[in-house]
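J.: Mind folding the following:
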Amino acid sequence: MNIDPHTLRFIREHAGDDVRTLALQSRKYPDVDMPAAIVQIAGRQAAREKIPSWAATEGILYPRHLSLEQCSSEVTARYKAGILSEPGGALADLTGGFGIDCAFLSAGFGRAAYVERQEELCHIAAHNFPLLGLNHLTTHHEDSVEYLQRMEPVDALFIDPARRNEHGGKTVRMADCEPDVAQLEEQLLTKARRVLVKLSPMLDLSLALQELQHVCQAHIVSVNNECKELLLLLGQEPVPEIPIHCVNLTPKGDQSFVFTREDEQSADCRYTSALNTYLYEPNASLLKGGAFRSIAHIYKVSKLHANSHLYTSDELVESFPGRAFRIRAYASFNKKEMKELLDDTRKAHLTVRNFPATVADLRKRLKLNEGGDVYLFATTLTNESKVLIRCEKL
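T.: Numbers count the residues shown, from 1 in each chain. Next comes the predicted model:
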């Protein structure tokens with residue numbers, strides 16, 4: 001990708017401008033390649049939040065919006081680098097994309113190869129890697145499966161199969177991803193001792209563990225309580241009980257919980273219909289992983305219902321991996337009780353857990369707008385009674 005000097009100067013001078021406004025002003029700048037400028041300015045603006053270390057590097061080129069939208073954030077790329085590292089070893093990223101994951105993963109290896117079938121992304125990666133000091137990284141414009149078939153063995157492989165179908169919709173089954181990792185599993189492990197697979201957070205974890213025979217670790221990664229990635233580490237040796245790492249990465253500190261399916265089945269879990277002083281909501285990774293009994297056992301909290309996934313305790317459990325609230329009051333859905341509970345409240349954050357109504361329906365019924373300092377949970381207790389719990393966030 002070559003950008004002429006006039007356009008480069010325009011990009012620097014208008015780095016903070018609104019790209020939609022710039023697009024309407026193209027006639028004012030006849031010497032500027034406006035489509036290219038808009039892609040770069042929009043890319044730099046997105047990178048400030050998503051990839052801050054790249055945004056701070058002068059000269060980095062950015063791809064079109066979809067490739068930037070689909071790429072990892074810096075925080076999740078750094079997490080993956082903590083899983084897959086072998087100083088002095090060799091890595092190959094078979095689905096390089098914009099190159100975020102490859103760049104951060106490669107820092108833990110002596111040499112690395114980036115493979116990508118889209119020519120434009122290859123040119124961008126070849127331009128960016130030297131600017132980031134990644135001179136041990138080579139770029140290859142090839143199909144991932146063809147490269148895999150002829151490559152020399154390495155210490156580790158990374159693969160992020162495409163998760164959108166031909167119409168642009170998101171896929172949730174491994175067989176709908178390209179390439180199909182389940183079909184390639186044995187071949188991948190003939191080329192590397194360890195293989196890290198990045199999958200859609202929409203994909204069913206239980207199904208993925210059935211389809212892949214060599215999983216030795218699973219990682220469910222959330223950022224600010226939004227589930228972003230499902231990572232599966234494949235290895236040569238079979239693992240009887242696969243550890244599932246549920247991680248929530250936040251600026252205030254990371255939350256991490258590790259369990260196995262066997263732990264979950266055998267964990268002692270207390271149920272209660274009595275609401276205590278505090279209410280807990282597990283983070284998105286725990287909810288995705290299904291560690292419902294395990295966290296009740298480990299953190300000594302009581303579960304409100306087998307299907308509600310909310311917990312309570314008299315003593316505050318500060319280390320609980322999720323959100324914690326102080327319960328102020330609760331009520332049944334009797335009109336009089338509701339009126340006393342809401343007490344002229346017009347704004348609240350509303351969550352529904354195991355309750356026969358949607359958030360939108362309940363918000364309409366209670367005549368509540370979004371926002372404010374009040375947190376309401378509509379749920380079912382273990383005695384099957386329906387309650388609305390009023391809380392304040394800790």
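
J.: those strands in the stretch 251-394 of the chain, which residues are they?
T.: Assigned by DSSP state E, counting those that start in this stretch, the strands in the stretch 251-394 of the chain fall at 255-259, 278-282, 302-303, 311-313, 322-331, 349-353, 375-380, 386-393.

J.: For stretch 53-72, which residues meet the burial criterion?
T.: Residues of stretch 53-72 classed as buried under the neighbour-count rule (16 or more other CB atoms under 10 Å) are 54, 55, 60, 61, 62, 63, 67, 68, 71, 72. Using the backbone N, CA and C atoms, a C-beta is placed for each residue, glycine as well.

J.: Contacts for that stretch, please.
T.: Around stretch 53-72, the neighbours that count as contacts under CB atoms under 8 Å, 6 or more residues apart in numbering are 1, 3, 39-40, 42-44, 46-48, 50, 74, 80, 97-101, 118, 120-121, 124, 127-128, 131-132, 164, 198, 229.

J.: can you do 7 Å?
T.: Stretch 53-72 is contacted from outside by 1, 39-40, 42-44, 46-48, 74, 97-98, 100-101, 120-121, 124, 127-128, 131-132, using CB atoms under 7 Å, 6 or more residues apart in numbering.

J.: and what of stretch 346-364?
T.: For stretch 346-364, contacts defined as CB under 7 Å, 6+ apart pick out 305, 307-310, 368-372, 374-380, 386.

J.: and residue 280, what does it touch?
T.: The neighbourhood of residue 280, defined by CB under 7 Å, 6+ apart, consists of 301, 310, 311, 320, 322, 324.

J.: now those residues as TSV including neighbour count, distance to residue 184 and pLDDT?
T.: Formatted as TSV, the contacts of residue 280 follow (neighbours: other CB atoms under 10 Å; distance: CB to CB, whole Å; pLDDT from 0 to 100):
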residue	neighbour count	distance to residue 184	pLDDT
301	24	42	97
310	24	41	98
311	27	41	98
320	23	39	96
322	22	36	96
324	18	43	97
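
J.: ok, of these, which one's closest to residue 7?
T.: Distances from these to residue 7 were compared by CB to CB; the smallest belongs to residue 322, at 47.5 Å.

J.: Identify the bridge partners of the closest one.
T.: Per DSSP bridges, residues listed as beta-bridge partners of residue 322: residue 282.

J.: so who does it touch?
T.: Residue 322 is in contact with 280, 281, 282, 283, 286, counting by CB under 7 Å, 6+ apart.

J.: just curious, which of those is nearest to residue 33?
T.: Using CB to CB, residue 283 comes nearest to residue 33 of these, at 44.5 Å.

J.: Give me the local confidence score for that closest one.
T.: Note for residue 283: predicted pLDDT of 97.

J.: what do you get for the one 5 residues further on?
T.: You'll see residue 288 listed with a pLDDT of 96.

J.: Straight-line length of stretch 306-324, end to end?
T.: From the first residue to the last, stretch 306-324 extends over 19 Å; the measure is CA to CA, to the nearest Å.

J.: Now do the buried residues in that stretch.
T.: 308, 309, 310, 311, 312, 313, 317, 320, 321, 322, 323, 324.

J.: what's the answer for stretch 123-142, then?
T.: Buried residues in stretch 123-142, counting neighbours by 16+ other CB under 10 Å, are found at 123-126, 128-129, 132, 134, 137, 139-142.

J.: among the residues you listed, which are in strands?
T.: 137, 139, 140, 141 (DSSP state E).

J.: just curious, which of those residues is nearest to residue 333?
T.: Proximity of these to residue 333 (CB to CB) peaks at residue 137, which lies at 59.5 Å.

J.: quick one: the closest one from residue 103, how far?
T.: As judged by CB to CB, to the nearest Å, residue 137 and residue 103 stand 7 Å apart.

J.: And for residue 240?
T.: Taken as CB to CB, the spacing of residue 240 relative to residue 103 amounts to 35 Å.

J.: cool, and residue 183?
T.: Using CB to CB, residue 183 is found at 28 Å from residue 103.

J.: More neighbours: the two, which one.
T.: Shown here are residue 183 and residue 103; by other CB atoms under 10 Å, residue 103 has more neighbours (27 against 12).

J.: Quick one: list the elements packing against the helix or strand where that one lies.
T.: In this structure, residue 103 is located in helix 100-106 according to DSSP states H and E. In this structure, helix 100-106 packs against helix 74-83, strand 86-93, strand 109-116, with contacts taken as 3 or more CB pairs under 7 Å, 6 or more residues apart in numbering; DSSP states H and E.

J.: rerun that using 10 Å as the cut-off
T.: With contacts defined as 3 or more CB pairs under 10 Å, 6 or more residues apart in numbering; DSSP states H and E, the packing partners of helix 100-106 are helix 52-55, helix 74-83, strand 86-93, strand 109-116, helix 119-131, strand 137-141, strand 154-159, strand 192-199.
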